[in-house]
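Visitor: how does the following fold in three dimensions:
(one chain, ligands or ions: 1)
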Amino acid sequence: AHLDRIAAVDGEVHAFLHTAPEASLATAAAIDARRAAGEELHPLAGVPIAIKDVIVTNDMPTTSGSKILEGWVPPYDATVMVKLRAAGLIPIGKTNMDEFAMGSSTEHSAYGPTHNPWDLERIPGGSGGGSAAAVASFEAPLALGSDTGGSIRQPAHVTGTVGVKPTYGGVSRYGAIALASSLDQIGPVSRTVLDSAMLHDVIAGHDPFDSTSLTDAWPSMAEAVRRADVKGLKIGVIQQLDGEGFQTGVLERFREALDVLAAAGAEIVDVSLPSLEYAIAAYYLIMPAEASSNLAKFDSVRFGLRVNPPGGGTVEDVMSATREAGFGAEAKRRIILGTYALSAGYYDAYYGSAQKVRTLVQRDFAAAFEQADVLVSPTAPTTAFKLGQNTGDPMAMYLNDIATIPANLAGIPGISLPVGLAREDGLPVGIQFLAPAREDARLYNVGGALE
Ligand code: GLN
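Guide: Here you go, the predicted model:
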């Protein structure tokens, strides 16, 4: 049914970069046979899942939305893929994304944009617009995304889906092509909170292949949804994200959701995180700095594309011609920005200062979590904007990330879930909850109560 749906709508939505119909049907048949033989399978066995193309798969190409990796089929599976396959989920294809997960609209994909299923003229969010659009358009019931500054949560917000960024270290990053290693985290995308929780339970857990992987034993997120109860829960409204710069229809739905939670017995309090004023500036130094280093490996020798300069040349000439042809404008912008911020003489002024701001953000969160069990804000300032609206203005694109970036700087978990449609444009609105590190289950509790 999902393959039929893809055939019917993906020409317009363009959520997928690659689909694997034969392999999917073969896996499905194998699962059916095991179930028919009486084998006790995981509840998600046989459920199709779409995979963001930043995650390496040993049976499908992986491009990370870039020309520089066109045609590359990785020799191994990411740890999350190993876990999905072991549980019997069926990877049906790879989803579109901004090149190397840099962006908020999927317009920076080298393979053309994805369209928002709610309005094909609008962006599906980014960088994981393909995963969110696949789930919103019923092409897949579940998807995996990656979130470095909001790339799971902001697409969920603009497509009316659920997206979760787990605690940093909660889900293995082994086999996720790194954008910014200290910020990246893989997580679930789905249409309901329970679906995300069940997928979260499959992918979480320690992995010796990821040196930042936590060794915690995680409680069941699905149980947290099933037992959802917000009576007595203190929910802190982030003052810096509740007014200026936010669309009226977004704020209306946000406040309605707070009323629902209050009626269910939650206590709504105000909290202030003054350092959020500097969060975007700090993020857009730290992230490009790490990205410029991570992307250095795409040198024409080890992976994907190789472009020989006319008339030949040195190895540097080949690398330079390949990177010139293989990287898009946004990737180049960030490589240059990051390299500059890390260069001798500027390191302390830019990268060093940004790291200090990062510490201030972490302290602000620690203080806020003394006053509240979870924090809340709209997931992004506006509903889905029009394709092309912000492509000429990187700063406008970056400002979209104000509500999502802080969680990555602090390493804490966040969830975005739909709370209806904005009055002025009829487009989906998401609410975001944040919890202290390791307390992902609190997000599923409050999400379950609201759903
Ligand atoms: N929009 C953010 C950026 O462009 C988020 C990216 C992400 O989470 N991968 O960096």
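Visitor: identify the bridge partners of the nearest residue to residue 195 once chain neighbours are set aside.
Guide: Distances taken as CB to CB, 6 or more residues apart in numbering place residue 142 nearest to residue 195, at 6.1 Å, with adjacent residues excluded. C-beta here means a position set from N, CA and C on the backbone, and glycine is covered the same way. Per DSSP bridges, the residues bridged to residue 142 are residue 49, residue 190.
Visitor: tell me the contacts of residue 142?
Guide: Contact partners of residue 142, counting by CB atoms under 8 Å, 6 or more residues apart in numbering, are 44, 47, 48, 49, 50, 89, 135, 188, 189, 190, 195, 199.
Visitor: just the pLDDT for the first one.
Guide: On pLDDT, residue 44 comes in at 98.
Visitor: in a helix, it, correct?
Guide: No. Using DSSP: H, G, I helix; E, B strand; the rest coil, the secondary structure at residue 44 is coil, not a helix.
Visitor: quick one: it and the ligand, what's the gap?
Guide: 25 Å (CB to the nearest ligand atom, to the nearest Å).
Visitor: sorry, back to before: ranking the contacts of residue 142 by neighbours, who comes first?
Guide: residue 189 (35 neighbours; other CB atoms under 10 Å).
Visitor: find the residue closest to it in space, skipping its chain neighbours.
Guide: That would be residue 143: by CB to CB, 6+ apart, it lies 4.1 Å from residue 189.
Visitor: show me what contacts that neighbour?
Guide: Here residue 143 is in contact with 49-52, 95, 128, 131-132, 134-135, 188-190 (CB under 8 Å, 6+ apart).
Visitor: let's see that with 7 Å instead.
Guide: 49, 50, 52, 95, 131, 134, 135, 189 (CB atoms under 7 Å, 6 or more residues apart in numbering).
Visitor: what's the burial count for residue 29?
Guide: Neighbour tally, residue 29, other CB under 10 Å: 11.
Visitor: with residue 75 instead?
Guide: 7.
Visitor: against the ligand, how distant is the closest residue in space to it that isn't next to it in sequence?
Guide: Of all residues beyond its chain neighbours, the one nearest residue 75 is residue 58 (6.5 Å), with distances taken as CB to CB, 6+ apart. To the ligand, residue 58 is 23 Å away according to CB to the nearest ligand atom.
Visitor: do I have it right that residue 58 meets residue 72?
Guide: No. Under the criterion of CB atoms under 7 Å, residue 58 makes no contact with residue 72, lying 11.5 Å away.
Visitor: picking up where we left off before, out of the contacts of residue 143, which touch the ligand?
Guide: With CB under 6 Å from any ligand atom as the criterion, the contacts of residue 143 include none near the ligand.
Visitor: for the ligand, state which of those is nearest.
Guide: residue 52 (9.6 Å; CB to the nearest ligand atom).
Visitor: the closest one reaches residue 95, doesn't it?
Guide: Yes. Using CB under 7 Å, residue 52 is in contact with residue 95, at 5.2 Å.
Visitor: got any residues that touch both of the two?
Guide: Contacts common to residue 52 and residue 95, judged by CB under 7 Å, 6+ apart, are 130, 131, 143.
Visitor: quick one, what contacts residue 268?
Guide: So residue 268 contacts 235, 237, 258, 261, 262 (CB under 7 Å, 6+ apart).
Visitor: quick one: the helices in the stretch 201-350 of the chain?
Guide: 221-226, 248-263, 279-294, 315-326, 329-342 (DSSP state H, counting those that start in this stretch).
Visitor: list the contacts of the first one.
Guide: It stands for helix 221-226. By CB under 7 Å, 6+ apart, helix 221-226 touches 193, 194, 197, 198, 200, 201, 440, 441, 444, 445, 447, 448.
Visitor: got the residues of the chain near the ligand?
Guide: 101-104, 127, 147-151, 179, 287, 401.
Visitor: hmm, try it at 5 Å
Guide: Those residues of the chain that sit near the ligand, judged by CB under 5 Å from any ligand atom, are 101, 102, 103, 104, 127, 147, 148, 149, 150, 151, 401.
Visitor: residues contacting the fourth one?
Guide: Residue 104 is in contact with 125, 126, 154, 397, 400, 401, counting by CB under 7 Å, 6+ apart.
Visitor: could the residues you listed go into a markdown table alongside distance to residue 83 and neighbour count?
Guide: What follows is the contacts of residue 104, written out as a markdown table (distance: CB to CB, whole Å; neighbours: other CB atoms under 10 Å):
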| residue | distance to residue 83 | neighbour count |
| --- | --- | --- |
| 125 | 25 | 37 |
| 126 | 25 | 31 |
| 154 | 25 | 33 |
| 397 | 33 | 23 |
| 400 | 31 | 25 |
| 401 | 29 | 26 |
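Visitor: so residue 403 touches residue 238, yeah?
Guide: No. Look at residue 403 against residue 238 with CB under 7 Å: they stay out of range, at 8.0 Å.
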